[in-house]
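J.: next come a sequence and a model predicted from it.
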Amino acid sequence: MMPTIQEARAFGLAELAVSISPDVDVQVLLCHVLACNPTQLMTAPETELTEAQWQQFAELIARRKQGEPVAHLTGSRGFWSLDLEVDNSTLIPRPDTELLVSLCLPKLKHGMTAADLGTGTGAIALSLASEKPGVHFVATDLQFAALKLAQKNADKHELDNVHFLQMSWLGGFRPRSFDLIVSNPPYIRADDPHLLQGDVRFEPRTALVSGDDGLDDIRRITEQAVDCLKPGGWLLVEHGYDQSQRVQDCLALAGFEHISAHQDFGGQDRAVMGQLAETD
Ligand code: GLN
């Protein structure tokens, strides 16, 4: 006899007892192995797993116990309304980053061109593209593996209004190319102790760390955005919980106007936006 759903769940909970989110982890992994949704788990607790399912589940629980991110174990993560493929070439999309998507949406009008810099899985560009089919998006990343993954995610969701380019920030674009530029760049300080904890241990440092104060890339993006935005264009960036004032100063120094700070769903400062003057 193989364990039932109920027994497999109890096993998973006992094994992951010391982790931060055992309930959610066990539920997501069990749904992944059984190819079902959480409601189906609840309504059929007496269903027995097959031998193959039990083996796969036990192996995933063992890997989770070693700290591997759930998104790497299942190969996917939900973001905005999309289910995105994830692998170890990019950052795992965070719910916090949905803030950037909601800030961009009211600014994007039919016929505009927008850029998502350091797109990773494609999370920001693809969410926006799904909501704004009349906007043309360019999504860049320095890592070819990330672009391949992002393109795969675009194909999966049949989004053809995003074009992917291998590039370092705005290096190769002509002046006045975009109506809006958005980015969730690396912003963690090189010596931040959080880099030794949780999921970030399994994510590429290039997607996380940005110099001694974490702001090297935000400074570079801001400087380049001044040239690459059209007059009246918007720049929106995600940043760390204690960087809001410095990011606002950085945009002000570069000449942006109407600068504002925004909090994520956990109440932490998480994004800053600013606009270039309408005329120059
Ligand atoms: N928000 C992520 C974290 O703190 C970092 C993401 C990033 O550097 N862009 O784990």
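T.: It's in.
J.: next, the spatially closest residue to residue 124 that is not a sequence neighbour: phi, psi?
T.: Residue nearest to residue 124 in three dimensions, not counting chain neighbours: residue 116, with 4.7 Å by Cβ to Cβ, 6 or more residues apart in numbering. Quick note: C-beta positions are derived from backbone N, CA and C, even for glycine. Phi and psi for residue 116, reported as degrees, to the nearest 10, are phi -110, psi 110.
J.: number of nearby residues for residue 116?
T.: Other residues near residue 116 number 31, with proximity taken as other Cβ atoms under 10 Å.
J.: surely it meets residue 125?
T.: Yes. Applying Cβ atoms under 8 Å, one finds residue 116 in contact with residue 125, separated by 3.8 Å.
J.: near the ligand, which residues of the stretch 1-150 of the chain are found?
T.: Residues of the stretch 1-150 of the chain lying close to the ligand by Cβ under 6 Å from any ligand atom are 91, 94.
J.: and the residue of the stretch 1-150 of the chain found nearest the ligand, how many neighbours?
T.: Relative to the ligand, the nearest point of the stretch 1-150 of the chain is residue 94 (5.3 Å; Cβ to the nearest ligand atom). By other Cβ under 10 Å, 16 other residues sit near residue 94.
J.: just the strands in this protein please.
T.: For the chain, the strands defined by DSSP state E occupy 76-79, 82-85, 113-117, 136-141, 162-166, 178-183, 229-238, 257-263, 269-275.
J.: need the per-residue pLDDT for residue 19.
T.: For residue 19, the pLDDT comes out at 81.
J.: that one: neighbouring residues, count only.
T.: So residue 19, with other Cβ under 10 Å, has 17 neighbours.
J.: now do the same contact list for the closest residue to it other than its chain neighbours.
T.: In space, and not counting its chain neighbours, residue 19 is closest to residue 25: 6.3 Å by Cβ to Cβ, 6+ apart. Neighbour list for residue 25: 12, 16, 19, 64, 70 [criterion: Cβ atoms under 8 Å, 6 or more residues apart in numbering].
J.: okay, who's weakest in those by pLDDT?
T.: The minimum pLDDT among the contacts of residue 25 falls on residue 19, with 81.
J.: measure that residue to residue 187 for me?
T.: For residue 19, the distance to residue 187 (Cβ to Cβ, to the nearest Å) stands at 26 Å.
J.: lowest-confidence helix or strand of this protein?
T.: helix 38-43 (a mean of 92; mean pLDDT, DSSP states H and E).
J.: low-confidence ranges in this structure?
T.: By pLDDT under 70, the weakly predicted segments of the chain are 280.
J.: at the geometric centre of it, which residue do we find?
T.: Nearest to the mean C-alpha position of the chain, counting by Cα atoms, centre = their mean, stands residue 93 at 2.6 Å.
J.: my read: that residue touches residue 122, true?
T.: No. Contact criterion Cβ under 8 Å: residue 93 and residue 122 do not qualify, at 9.1 Å.
J.: for those two, list the residues in contact with both.
T.: With Cβ under 8 Å, 6+ apart as the test, residue 93 and residue 122 both reach residue 84.
J.: the closest residue to residue 177 other than its chain neighbours and the ligand, how far apart?
T.: Take residue 177 and drop its neighbours on the chain: the residue closest to it by Cβ to Cβ, 6+ apart is residue 228, 5.2 Å away. According to Cβ to the nearest ligand atom, to the nearest Å, residue 228 and the ligand sit 20 Å apart.
J.: give me the number of residues near residue 228?
T.: With other Cβ under 10 Å as criterion, residue 228 counts 22.
J.: contacts only, for it.
T.: Here residue 228 is in contact with 115, 170, 173, 174, 175, 176, 177, 178, 181 (Cβ under 8 Å, 6+ apart).
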